[in-house]
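Student: Provide a 3D model corresponding to the input given below.
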Amino acid sequence: MSAWDRWWVSDAFTLGLCTIIVLLAVMMTPSTGFPHLGPLEIPELCTWRRWFGVQCPGCGLTRSFVFMGHGQPLAAFAMNKLGPFLFLVVASQIPYRLWRIARRSSDRTRRAGTSGSA
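Tutor: So this is what the prediction gives:
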């Protein structure tokens with residue numbers, strides 16, 4: 001696999017993953033309890049909390065992302081202090097990766113056109 005192919009796969013994977021995360025955050029129902037995806041309740045996944053009974057630094061991150069997906073940054077901040085910032089980092093990857101893919105693809109096309117005429 002060429003370096004360009006590895007780069008493209010990496011950017012496409014990151015773009016797809018970030019898009020899925022943001023779409024799920026928008027589709028889920030915001031709640032201070034367990035989040036819902038339609039009629040399905042998302043169970044508690046934190047092993048740390050189940051074993052030791054205390055919250056880990058990631059507790060509330062899903063709910064924070066869901067609140068951010070619904071445009072409620074104050075509620076998102078109440079669920080997890082880093083959640084709104086991490087959501088913005090994930091969401092900003094979507095236009096950034098699209099730009100990188102478009103730019104590199106046009107550069108590759110342009111280079112292929114100029115190298116064929118020389």
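
Student: quick one: residue 83 and residue 66 touch, right?
Tutor: No - between residue 83 and residue 66 there is no contact under Cβ atoms under 8 Å: 9.4 Å. For the C-beta atoms, the positions are set from N, CA and C on the backbone; glycine is no exception.

Student: Those two: which is more packed in?
Tutor: residue 66 (27 against 24; other Cβ atoms under 10 Å).

Student: Now do the phi/psi pair for that one.
Tutor: Taking degrees, to the nearest 10, you get phi -60, psi -40 for the backbone angles of residue 66.

Student: surely it meets residue 35?
Tutor: Yes - Residue 66 lies in contact with residue 35 (Cβ under 8 Å); the separation is 5.2 Å.

Student: which residues in this structure form strands?
Tutor: 36-37, 40-41 (DSSP state E).

Student: Tell me the buried residues in the longest helix anywhere in the chain?
Tutor: The residue-count maximum for a helix in the chain (DSSP state H) belongs to helix 83-117. Of the residues in helix 83-117, those buried under the neighbour-count criterion (16 or more other Cβ atoms under 10 Å) are 83-84, 86-87, 90-91, 93-94, 97, 100.
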